[in-house]
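# pasting the sequence and the predicted model now:
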Amino acid sequence: MFTLVVFTLVVGATTSGAFTNAFNDSAAFGGGFDVRATSSPAQPIVNMPAAVARTPGVKRGNFPVISSESTLPVKARQVGVGGAEQSYVVNGADDAFLNHTTYKLAAHARGYGSSAEVWRAVRDRPNLAVVDPLVVPRRENWNFAPPPDFRLKGFYLEDEVFAPVKITVRDQQTGKRLTLTVIGVLSDSAPQFMFGVWTSQRSVAAAFGNRVLPTIHLFALAQGVDAKATAQRLESSFLPNGMQADSLEEVRRWALDHLVEP
């Protein structure tokens, strides 16, 4: 059974051609990765490459890229505009993800020429961020689902280029805050598990400490390695960590069959 049920939380009754095309494009859906796994927050795997290397039955050579991400529910708001804080999610991505990802952006801040350039900047400079497309208004006024309460102001997705936007995110449990500068907006072709605010793991760790230990892991596989079988092997090997893993191609096909109307 697929674990990425977040799709059902964000897909509305009406879908668009762009959304359908996203599920038809394997490369766009995977963003350079083949398997996605989650582990229990109670038993996180802090160094996944080292854990894979020492685990019997799992070949480290099958994984050219192993990345880990954290996620934290927060209260978010845009700096300099009215309105209350709203519930959202901030995600911390490690260097492996930021080096390797091929997820495209629909819009980027002035001074950045490509999606890859934005991801590199998030990697190299603290407190820069990319957001999902649901939080940005559109001139055409359509969306895949009712928009979240957290919304950015000052530009439209169709503008493609915008002035950097500052936001704050607050950990409700500790009260600690982090100010981020948004320099990119994900394309509609990105899968819905990419929702939220994305920054570097270093940035969130500096602000929130052990509250943002990694619990999400993305694996790029060597050519010829079966993603579905590898996902099952990872689940078995990291059962004590509560791991659930899926082939992203299998997830894409399931989503296309069940969540996208013909």
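All right, it came through fine.
# every contact and neighbour count from this point should use C-alpha atoms.
Noted.
# list the residues that contact residue 83.
Residue 83 makes contact with residue 77, according to C-alpha atoms under 8 Å, 6 or more residues apart in numbering.
# the stretch 101-250 of the chain: helices as residue ranges?
For the stretch 101-250 of the chain, helices defined by DSSP state H, counting those that start in this stretch occupy the ranges 115-124, 201-208, 227-237, 248-258.
# which strands and helices sit next to the second one?
The one in question is helix 201-208. For helix 201-208, the packing partners by 3 or more C-alpha pairs under 8 Å, 6 or more residues apart in numbering; DSSP states H and E come out as strand 86-93, strand 177-186.
# turn these into CSV, including mean neighbour count and distance to residue 42.
Below are these laid out as CSV (neighbours: other C-alpha atoms under 10 Å; distance: least, C-alpha to C-alpha, whole Å):
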stretch, mean neighbour count, distance to residue 42
strand 86-93, 21, 18
strand 177-186, 23, 23
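# out of these, flag the one nearest residue 245.
Comparing the helices and strands packed on helix 201-208 against residue 245 with C-alpha to C-alpha, the closest turns out to be strand 86-93 (18.1 Å).
# what strands flank that closest one, and is each parallel or antiparallel?
strand 65-78 (antiparallel), strand 197-200 (parallel) (DSSP bridges).
# what about that strand, distance to the chain center?
When distances are taken as C-alpha atoms, centre = their mean, to the nearest Å, strand 86-93 is centred 10 Å away from the chain's centroid.
# give me every residue in contact with that strand, excluding its own residues.
The contact list for strand 86-93 (C-alpha under 8 Å, 6+ apart) reads 67-77, 149-150, 169, 195-204, 212.
# and for stretch 221-230?
33, 34, 35, 61, 62, 63, 64, 65, 246, 247, 248, 250.
# would you put the C-alpha positions of that stretch in CSV?
Extracted as CSV, the C-alpha positions of stretch 221-230 are listed here (Å, rounded to 0.1, in the frame of the first residue of the first chain):
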residue,chain,number,x,y,z
LEU,A,221,19.2,4.2,-8.1
ALA,A,222,21.9,2.9,-10.4
GLN,A,223,20.9,1.9,-13.9
GLY,A,224,19.1,-1.5,-13.9
VAL,A,225,18.3,-1.5,-10.2
ASP,A,226,14.6,-2.3,-9.7
ALA,A,227,12.9,0.5,-7.7
LYS,A,228,10.0,-1.5,-6.4
ALA,A,229,12.1,-4.4,-5.1
THR,A,230,14.6,-1.9,-3.6
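# mind listing what's buried along it?
Residues of stretch 221-230 classed as buried under the neighbour-count rule (16 or more other C-alpha atoms under 10 Å) are 221, 227, 228, 230.
# spit out the contact partners of the residue most central in space within the chain.
Centroid-nearest residue in the chain: residue 194, 3.1 Å away (criterion: C-alpha atoms, centre = their mean). Going by C-alpha under 8 Å, 6+ apart, residue 194 touches residue 132.
# what about it, distance to residue 176?
Separation of residue 194 from residue 176 (C-alpha to C-alpha, to the nearest Å) stands at 24 Å.
# what does residue 189 give?
Here the criterion is C-alpha to C-alpha. By it, residue 189 lies 33 Å from residue 176.
# those two: who's more crowded?
Just comparing residue 189 and residue 176: by other C-alpha atoms under 10 Å the higher neighbour count belongs to residue 189, 25 against 12.
# still on that earlier bit, identify whichever of the helices and strands packed on helix 201-208 lies nearest to residue 234.
With C-alpha to C-alpha, the closest approach to residue 234 among the helices and strands packed on helix 201-208 belongs to strand 86-93: 20.5 Å.
# name the helices or strands packed onto the next helix-or-strand element following that closest one?
Later in the chain than strand 86-93, the nearest helix or strand by DSSP states H and E is helix 95-100. Here helix 95-100 touches strand 65-78, helix 115-124, going by 3+ C-alpha pairs under 8 Å, 6+ apart.
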